[in-house]
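Asker: requesting a structural model of the entry that follows:
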Amino acid sequence: MSQFVDECGINLTAGDGGAGSVSFRREAHVPKGGPDGGDGGDGGNIWLEADHNVASLLSFRDHPHRKAENGTHGSGGKRHGKSSEDLVIRVPEGTTVYDFYTDEPLADLVSTGDKWLAVRAGRGGRGNAKFLTNRRRAPSFAEQGEHGEERWLRLELKLLADVALVGFPNAGKSTLISRISAAKPRIADYPFTTLEPNLGVVRPTGRSDFIVADIPGLIEGASAGKGLGHQFLRHIERARILLIMLDLAPTAEHTPKEQLRILEQEIGNYREELLARPRVIVGSRSDVAEDKNFDGTQLSSFTGEGIENVVHQIGDLVDEVRNAVPEKPSRIVHRPEPEDIKIQRSEDGIWEVIDRDVIRTVNLNDLTNLDALDYIHGRLKSMGVDRALKRVGVKESETVRIGRLEFSYESE
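Answerer: Numbering: from 1, shown residues only. Below is the predicted model:
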């Protein structure tokens with residue numbers, strides 16, 4: 001079974017918050033000691049972080065579910081529950097994150113240290129000690145812990161390489177990368193021997209190292225998905241340079257000129273801006289070439305002829321491109337942006353308030369407790385829910401839903 005996986009689904013569940021405690025101080029010679037319920041601990045968030053030590057998405061293929069720990073409950077004596085540590089899931093550099101159902105791009109984790117908050121943890125509920133006021137001397141309620149977020153994501157890996165080897169199947173790409181690096185791809189004398197990308201580090205004498213990606217062979221129609229074309233083409237996207245290899249062998253299906261036309265056509269159809277990338281065009285398998293009309297650079301991965309020249313040609317271009325690219329910030333952290341209170345009509349005609357903090361205020365409290373309902377009413381008013389309902393035109397006696405709570409609207 002292949003050890004390289006470049007696309008997978010993953011299910012993430014953040015930790016739930018612990019419940020707050022309803023407790024009153026009970027101690028000899030201390031009448032009416034007052035509320036002393038502690039707060040629940042927060043659950044653990046889940047982050048995705050790019051790490052150069054992770055090579056593929058293999059670990060998620062058979063085990064797609066990840067769950068953070070829950071916070072513990074509060075208790076009497078103002079003892080607070082323990083918050084859980086965040087769960088950091090490490091993914092390869094070059095991983096793009098999409099919503100599993102809508103395919104909306106959410107984050108692009110390009111370099112080691114890039115981080116994205118994938119699902120937020122549930123907050124711990126507050127104990128009744130936190131609801132003590134001059135008017136409410138003995139609060140008989142506390143908040144429950146909030147449930148952590150849960151979602152399905154799709155991860156897609158686009159390899160990070162300085163150079164991508166592009167060509168038809170059986171053009172000698174895998175043999176070349178095995179000659180210029182320590183990579184050991186599968187090599188055989190038939191098309192589509194390479195079914196997954198291979199990375200190799202090239203260390204030329206007297207110059208900087210660079211990374212080469214051996215991309216599985218492309219065929220006509222690859223940009224439309226033929227022959228797993230989309231899966232292969234996406235690995236070209238982040239390559240700085242394209243090394244286009246044209247098969248000079250007499251057994252090649254197309255002439256070198258026709259090969260170049262088809263490859264450029266497929267790359268351009270997939271993503272037109274890739275045609276503007278710096279490129280080196282070479283004729284491969286020169287040791288068996290019969291047509292001497294090809295006047296470009298030639299090499300033979302079998303005999304080694306011309307390889308050193310091509311490596312230094314690529315090295316010069318890599319140095320040039322690297323010097324032209326501005327240095328990126330060392331770390332990128334993606335966080336969801338806060339949103340204003342949103343109110344919209346649901347399919348059943350009920351006005352629905354959509355806001356995490358507002359829903360949390362309702363859902364974490366005991367709706368059967370009069371003290372709790374009084375607190376919720378005051379809290380929603382201070383958060384601006386009344387103003388938001390008026391702003392969208394909610395009329396008297398229309399039903400409003402906030403989390404688990406439904407009520408008939410009455411303006412004050």
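
Asker: going forward, measure contacts and count neighbours with C-alpha atoms only.
Answerer: OK.

Asker: hmm, Asn365 is touching Glu146, no?
Answerer: No. With contacts counted by C-alpha atoms under 8 Å, Asn365 stays clear of Glu146, the gap being 10.1 Å.

Asker: looking at these two, which is more packed in?
Answerer: Taking neighbours as other C-alpha atoms under 10 Å, Asn365 and Glu146 compare with Glu146 leading, 24 against 20.

Asker: host element of that one?
Answerer: If you go by DSSP states H and E, Glu146 is not part of any helix or strand.

Asker: so it sits against Val362, correct?
Answerer: No. With contact defined as C-alpha under 8 Å, Glu146 does not reach Val362; the gap is 10.6 Å.

Asker: for the stretch 51-200 of the chain, which spans come out with low pLDDT?
Answerer: Within the stretch 51-200 of the chain, the segments meeting pLDDT under 70 span 182-197.

Asker: can you give me the helices in it?
Answerer: With helices called from DSSP state H, counting those that start in this stretch, the stretch 51-200 of the chain shows them at 58-61, 173-180.

Asker: what's the most buried one of those?
Answerer: Neighbour counts (mean count of other C-alpha atoms under 10 Å) averaged over each of the helices of the stretch 51-200 of the chain peak at helix 173-180, with a mean of 22.

Asker: who does that helix touch, helix- and strand-wise?
Answerer: Counting contacts by 3 or more C-alpha pairs under 8 Å, 6 or more residues apart in numbering; DSSP states H and E, helix 173-180 is packed against strand 163-167, strand 198-202, strand 210-214.

Asker: relative to strand 198-202, how tilted is it?
Answerer: 30 degrees (axes from the mean of the first three to the mean of the last three C-alpha atoms, to 10 degrees).

Asker: so what's the residue nearest in space to the middle of the chain bridging to?
Answerer: The centroid of the chain falls nearest to Val97 when counting by C-alpha atoms, centre = their mean (2.9 Å). Listed beta-bridge partners, Val97: Ala107, Leu155 (assigned using DSSP bridges).

Asker: quick one: residues contacting it.
Answerer: 105-109, 153-156 (C-alpha atoms under 8 Å, 6 or more residues apart in numbering).

Asker: redo the helices and strands packed on helix 173-180 as JSON lines? Include distance to Ile10.
Answerer: Shown next, in JSON lines, are those (distance: least, C-alpha to C-alpha, whole Å):
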{"stretch": "strand 163-167", "distance to Ile10": "28"}
{"stretch": "strand 198-202", "distance to Ile10": "24"}
{"stretch": "strand 210-214", "distance to Ile10": "26"}
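
Asker: of all these, which one is nearest Pro278?
Answerer: For Pro278, the closest of those is strand 163-167, at 9.8 Å, according to C-alpha to C-alpha.

Asker: now do Gly113 against Leu106, distance only.
Answerer: 17 Å (C-alpha to C-alpha, to the nearest Å).

Asker: what about these two, which has more around it?
Answerer: Neighbour tally, Gly113 and Leu106, criterion other C-alpha under 10 Å: the higher count belongs to Gly113, 18 against 15.

Asker: can I assume the more buried one is in contact with Glu49?
Answerer: Yes. Using C-alpha under 8 Å, Gly113 is in contact with Glu49, at 6.1 Å.

Asker: still on that earlier bit, switch the helices and strands packed on helix 173-180 over to JSON lines; also include distance to Glu85 and mean neighbour count.
Answerer: Shown next, in JSON lines, are these (distance: least, C-alpha to C-alpha, whole Å; neighbours: other C-alpha atoms under 10 Å):
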{"stretch": "strand 163-167", "distance to Glu85": "40", "mean neighbour count": "26"}
{"stretch": "strand 198-202", "distance to Glu85": "35", "mean neighbour count": "20"}
{"stretch": "strand 210-214", "distance to Glu85": "36", "mean neighbour count": "23"}
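
Asker: closest one to Ala55 among these?
Answerer: That would be strand 198-202 among those, by C-alpha to C-alpha, at 9.8 Å.

Asker: who does the closest one pair with, and is each partner parallel or antiparallel?
Answerer: For strand 198-202, using DSSP bridges, the partner strands are strand 210-214 (antiparallel).

Asker: now the strand it pairs with against strand 163-167, angle please.
Answerer: If you take the same axes, to 10 degrees, strand 210-214 sits at 30 degrees to strand 163-167.

Asker: hey, C-alpha coordinates of strand 210-214 in CSV?
Answerer: What follows is strand 210-214, C-alpha atoms only, in CSV (Å, rounded to 0.1, in the frame of the first residue of the first chain):
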residue,chain,number,x,y,z
PHE,A,210,17.7,22.5,-3.9
ILE,A,211,14.7,20.2,-3.9
VAL,A,212,13.4,18.4,-6.9
ALA,A,213,10.0,16.8,-7.2
ASP,A,214,9.4,13.9,-9.6
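
Asker: how far out from the middle of the chain is the longest helix along the chain?
Answerer: Ranked by residue count, the top helix of the chain under DSSP state H comes out as helix 307-324. Remark: helix 307-324 is offset 32 Å from the chain centroid, using C-alpha atoms, centre = their mean, to the nearest Å.

Asker: distance of the closest residue to Ile354 other than its chain neighbours relative to Arg387?
Answerer: Counting by C-alpha to C-alpha, 6 or more residues apart in numbering, Lys342 is the residue found nearest to Ile354 once chain neighbours are left out, at 5.0 Å. Applying C-alpha to C-alpha, the value for Lys342 to Arg387 is 12 Å.

Asker: please apply the same query to Arg240.
Answerer: Taking C-alpha to C-alpha, one finds Arg240 at 53 Å from Arg387.

Asker: which one's more surrounded, these two?
Answerer: Between Arg240 and Arg387, counted using other C-alpha under 10 Å, Arg240 has the larger neighbour count: 20 against 12.

Asker: surely that one touches Val163?
Answerer: Yes. Using C-alpha under 8 Å, Arg240 is in contact with Val163, at 6.0 Å.

Asker: please list all residues in contact with Asp386.
Answerer: Applying C-alpha under 8 Å, 6+ apart, we find Asp386 in contact with 380, 411.

Asker: can you check Ser397 too?
Answerer: By C-alpha under 8 Å, 6+ apart, the residues touching Ser397 are 408-410.

Asker: 6 Å - rerun?
Answerer: Ser397 is in contact with 408-409, counting by C-alpha atoms under 6 Å, 6 or more residues apart in numbering.

Asker: just the element for it, please.
Answerer: Here Ser397 is assigned to no helix or strand, by DSSP H and E.
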